[in-house]
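Peer 1: what follows is a protein structure lacking sequence information:
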């Protein structure tokens, strides 16, 4: 017997009667949220894609293990978490103690907009969803041991009960709670101390003005003006080619040594990633008679200043839906 591909998930108590097209239709409804979950765990958009694909393959091959004791969605999250843990077990070394995460990749807001909407009457849930996708949070998670980061994400982001997390990880509830306490303490070493210090709301006029001024100064390569917008303890990273720099003087010295003040012919395009403001810069190429992709600056703002600048290479432009070139007359 087969089941119509429009089968409702709430009616599924086992998967024995669900044919392959119906199964993939059910699973695909959760693709984006599972991808974001894997991204939080792994810090890499591309690795998250691999983990989600592996999740769906495992789920189809082991569909007889779904017994309806949890929702189909929760069952997929269990498989996805284990797929991430398996990938981490054979992946790159842990990040350097200086805080760099060389495999970090941005997550386009246009894809985050595909996530199921959080109710307007749940401001706390909305804040958690926003904060836990910002680059600072994703980077901090990467400093945790794999099982600790799984416990943290499942408990603090998804809100799973400790008992369910313990079952997934094969640990006791006490062990999970202990690991969670250590993980939260480790996260506090990397995250802003107060929620007010996180990136402001998208409709925050002051933040929009700050981004505008920062962009204008960047195009003009006006180091002196940029310096006035950077907080004393600003953090700068440029994965995968550079480690972490902390402090206005260190950041400015690096930009000057890199020849940035002599750069001309920049064209900015505003965008957004990880629920943070970002600016894509194109550089005029005379041989192409066009502006070609250069870098993407992702900003974290607090108190009217730039507190973090993360720069990604031009290979991220296609994923963000940015044009591959700008002609001289393009606006």
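Peer 2: Looks like it came in fine. Remember, it's a predicted structure, so these values are computed and weren't measured experimentally. Residues are numbered from 1 along each chain as shown.
Peer 1: rest of the way, CA atoms for contacts and neighbours
Peer 2: Noted.
Peer 1: and the helix or strand of the chain with the lowest mean pLDDT, what's buried?
Peer 2: Lowest mean confidence among the helices and strands of the chain (mean pLDDT, DSSP states H and E): helix 123-131, at a mean of 78. Residues of helix 123-131 classed as buried: 125, 130-131 (neighbour count, 16 or more other CA atoms under 10 Å).
Peer 1: could you do stretch 131-145 as well?
Peer 2: Neighbour count says stretch 131-145 has 131-144 buried, by 16+ other CA under 10 Å.
Peer 1: residues in contact with that stretch?
Peer 2: Contact with stretch 131-145 is made by 40-43, 94-95, 99-101, 104, 106, 149, 157, 183, 186-187, 190-191, 198, 274-276, as judged by CA atoms under 8 Å, 6 or more residues apart in numbering.
Peer 1: what about it, start to end distance?
Peer 2: This stretch, stretch 131-145, spans 21 Å end to end (CA to CA, to the nearest Å).
Peer 1: got it, and stretch 153-173?
Peer 2: First residue to last in stretch 153-173 (CA to CA) measures 16 Å.
Peer 1: next up, phi/psi of residue 258, please.
Peer 2: phi -80, psi 0 (degrees, to the nearest 10).
Peer 1: scratch that, residue 279
Peer 2: phi -130, psi 120.
Peer 1: quick one: residues contacting it.
Peer 2: By CA under 8 Å, 6+ apart, the neighbours of residue 279 are 215, 268-272, 296-298.
Peer 1: tell me which element residue 49 is part of?
Peer 2: helix 45-61 (DSSP states H and E).
Peer 1: for that helix, buried residues please.
Peer 2: 45, 47-49, 51-56, 59-60.
Peer 1: check which helices and strands the helix or strand following it sits against.
Peer 2: The C-terminal neighbour of helix 45-61 among helices and strands, as given by DSSP H and E, is helix 72-89. On a contact count with 3 or more CA pairs under 8 Å, 6 or more residues apart in numbering; DSSP states H and E, helix 72-89 meets helix 31-42, helix 45-61, helix 146-152.
Peer 1: tabulate the ones you listed (a markdown table), appending mean pLDDT and distance to residue 161.
Peer 2: Formatted as a markdown table, the helices and strands packed on helix 72-89 follow (pLDDT from 0 to 100; distance: least, CA to CA, whole Å):
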| stretch | mean pLDDT | distance to residue 161 |
| --- | --- | --- |
| helix 31-42 | 97 | 17 |
| helix 45-61 | 96 | 22 |
| helix 146-152 | 96 | 10 |
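Peer 1: how about a markdown table for those helices, with distance to residue 317 added?
Peer 2: Below are the helices and strands packed on helix 72-89 laid out as a markdown table (distance: least, CA to CA, whole Å):
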| stretch | distance to residue 317 |
| --- | --- |
| helix 31-42 | 18 |
| helix 45-61 | 13 |
| helix 146-152 | 29 |
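Peer 1: mind checking which of these is nearest residue 281?
Peer 2: Of all these, helix 45-61 sits nearest to residue 281, with 20.9 Å by CA to CA.
Peer 1: residues in contact with the closest one: which ones?
Peer 2: Contacts for helix 45-61 (CA under 8 Å, 6+ apart): 20, 23-24, 27, 31, 34-36, 38-39, 42, 76, 79-80, 83-84, 87, 105-107.
Peer 1: start to end distance for stretch 58-67?
Peer 2: 15 Å.
Peer 1: distance between that stretch and the chain's centre?
Peer 2: Remark: stretch 58-67 is offset 29 Å from the chain centroid, using CA atoms, centre = their mean, to the nearest Å.
Peer 1: surely residue 38 touches residue 82?
Peer 2: No. Using CA atoms under 8 Å, residue 38 is not in contact with residue 82, being 10.0 Å away.
Peer 1: residues contacting residue 236?
Peer 2: Residue 236 sits in contact with 244-246, 251, 308-311, where contact means CA under 8 Å, 6+ apart.
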